[in-house]
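let me see the structure of the following:
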Amino acid sequence: MDFDNSRPIYLQIVDFFYENILIRRWKEEERIPSVREIAMMVEVNPNTAIRAFTYLQEQEVIYNKRGIGYFVSENGYDKVLTIKKNEFMEVIIPDVFKKMGLLDIKFEELESAFNNYLKNLDHEKK
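Numbering: from 1, shown residues only. Predicted coordinates for the structure are as follows:
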């Protein structure tokens, strides 16, 4: 995994979890890789992985069954979707709008680019 030096590594691991839950690679009530497996997978110290697991437990996205492992919470998908939508609307969109204003990009141009993106996705799926 390539890490961005501007953000804590454990939060980047959290984003890795979020993505796997959103694409439903890891489904609700299913066991997820262990701390050790994640640490090896993303090539970090197990203590960094534990920090990510702790954060995800505090967010109630995952939970631990003692002696068995970690699982995605029953409402894990919905919690992640809410977290990521809020982040998108509160952090990413304001930055996009600022750049659109600076570059004099109209909403119609953005809409056209988004529609083209969706068309390309459809072609890739076929």
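
what is the mean pLDDT for the helix ranked longest in the chain?
Looking across the chain with DSSP state H, the single longest helix is helix 107-125. Averaging pLDDT along helix 107-125 gives 88.

residues in contact with that helix: which ones?
Met100 (CB atoms under 8 Å, 6 or more residues apart in numbering). (Glycine included, C-beta is placed from N, CA and C.)

distance of Val96 from Val80?
21 Å (CB to CB, to the nearest Å).

repeat that for Phe114.
Phe114 is 22 Å from Val80, by CB to CB.

who's more crowded, those two?
Ranked by neighbour count (other CB atoms under 10 Å), Phe114 and Val80 place Val80 first, with 22 against 10.

so for the host helix or strand of the more buried one, what gets flagged as buried?
Val80 is part of helix 76-87 when elements are defined by DSSP states H and E. Under the neighbour-count criterion of 16 or more other CB atoms under 10 Å, helix 76-87 has Gly76, Tyr77, Lys79, Val80, Lys84 buried.

in the chain, which spans are strands?
62-65, 69-72 (DSSP state E).

out of those strands, the one nearest Met40 is which?
When those are compared by CB to CB, strand 69-72 sits nearest Met40, at 15.1 Å.

which strands and helices lie in contact with the closest one?
Applying 3 or more CB pairs under 8 Å, 6 or more residues apart in numbering; DSSP states H and E, one finds that strand 69-72 makes contact with strand 62-65.

neighbouring strands - and their directions - for the strand it packs on?
strand 69-72 (antiparallel) (DSSP bridges).

so which residue of this structure lies furthest out from the middle?
Going by CA atoms, centre = their mean, the residue of the chain most distant from its centre is Asp104, 30.3 Å out.

so for it, what's the pLDDT?
At Asp104, pLDDT is 96.

how is the protein carved up into domains?
With domains defined by automatic domain parsing, the chain comprises 9-76, 78-125.

out of those, which is the most enclosed?
For the domains of the chain, the largest average neighbour count (mean count of other CB atoms under 10 Å) is found in domain 9-76, namely a mean of 16.

for Gly69, see how far away Ser34 is.
Relative to Gly69, and taking CB to CB, Ser34 is found at 6 Å.

ugh, wrong one, Ala52
Distance from Ala52 to Gly69, by CB to CB: 15 Å.
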